[in-house]
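Enquirer: Need coordinates for the below:
(one chain, ligands or ions: 2)
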Amino acid sequence: MTTALIMAGGKGTRMDLDYEKPMIKVNGRPMISYVIEALIESEFIDKILVAVSDNTPYTSEYAKKFPVRVIHTDGEGYIEDLASILSNRKYVEEDEVIMTIVADLPFITGEQIDDVLDNYYKRGKPAMCVSVPASLFKKYRITPTLVYKGLVPTGVNLLLANNEEQDQSIYESHNVELAFNINTLNDLNLSEHYIKK
Ligand SMILES: Nc1nc2c(ncn2[C@@H]2O[C@H](COP(=O)(O)OP(=O)(O)OP(=O)(O)O)[C@@H](O)[C@H]2O)c(=O)[nH]1
Ligand SMILES: [Mg+2]
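Expert: Ligands and ions are numbered 1, 2, ... in the order given. Here you go, the predicted structure:
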């Protein structure tokens, strides 16, 4: 059994819009709704947490319409807010498997989440980082934020809630949907192109 934690309390500064990033519409619906629905579809996920902050009040209201638990965080930074949730036993148990996911992956599906989790449980390591080859970005002309040894992190990670340093493996996915991480207006435009295709 796995808990999903959607991080959705960022400032969205790179979008350069007067609008919360998780609420930006893709094909007529807020981006975060696709992520929530994919998690609901997943066979392995049995609990969904959404971490919002004062940066994302509309996201907070919107998420309440779904079967998720909305958690208010400080909005001080991704790492800081993640650490504060993982160390709070009101929200997660020490031995709970947590899949952290960003709110701006509008094309992700339940099947892809299950593929990731299937790999995680087969490997038997406490932590796993999901990445996509940089070559896939090139093909779709998406600009990756960070490339390390030819791989780009997707914003999907697995870990245990306990505070210890964890042995991590890297899972290389070839699903282009995991590469469509919307950070800029250009990413948004490209995603609209992708939908049309
Ligand atoms: N709860 C919480 N979520 C965050 C925080 N920072 C980022 N996130 C979320 O984590 C995900 C990935 O972060 P980014 O893609 O960098 O988004 P962002 O920080 O809003 O945008 P930038 O300001 O352009 O970096 C997004 O869904 C954000 O909403 C934070 O401090 N607290
Ligand atoms: Mg950020």
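
Enquirer: Near Thr100, how many residues? Count them for me, please.
Expert: For Thr100, the number of neighbouring residues by other Cβ atoms under 10 Å comes to 20. (Glycine included, C-beta is placed from N, CA and C.)

Enquirer: Numbering from 514 from now on, please.
Expert: Fine by me, first position is 514 from now on; the one you just mentioned is Thr613.

Enquirer: same for the strand or helix carrying it, what does it pack against?
Expert: Using DSSP states H and E, the secondary-structure element containing Thr613 is strand 610-615. Using 3 or more Cβ pairs under 8 Å, 6 or more residues apart in numbering; DSSP states H and E as the contact criterion, the secondary-structure elements in contact with strand 610-615 are strand 515-520, helix 544-554, helix 623-636, strand 664-673.

Enquirer: Direction included, what does it pair up with?
Expert: Sheet pairing here is set by DSSP bridges, and for strand 610-615 it gives strand 515-520 (parallel), strand 664-673 (antiparallel).

Enquirer: Return the distance of the last one from the chain's centre.
Expert: Relative to the chain's own centre, strand 664-673 is displaced by 8 Å; criterion: Cα atoms, centre = their mean, to the nearest Å.

Enquirer: the inter-axis angle of that strand versus helix 544-554?
Expert: 50 degrees (axes from the mean of the first three to the mean of the last three Cα atoms, to 10 degrees).

Enquirer: Show the subsequent helix or strand relative to strand 664-673.
Expert: Scanning the chain past strand 664-673 towards its C-terminal end, the next helix or strand to appear is strand 681-685 (assignment: DSSP H and E).

Enquirer: From the contact counts, what lies against that next one?
Expert: Counting contacts by 3+ Cβ pairs under 8 Å, 6+ apart, strand 681-685 is packed against helix 623-636, strand 640-646.

Enquirer: quick one: average confidence on that strand?
Expert: Over the span of strand 681-685, the pLDDT mean works out to 96.

Enquirer: Equivalent analysis for stretch 665-674, please.
Expert: Here the mean pLDDT over stretch 665-674 is 96, rounded to a whole number.
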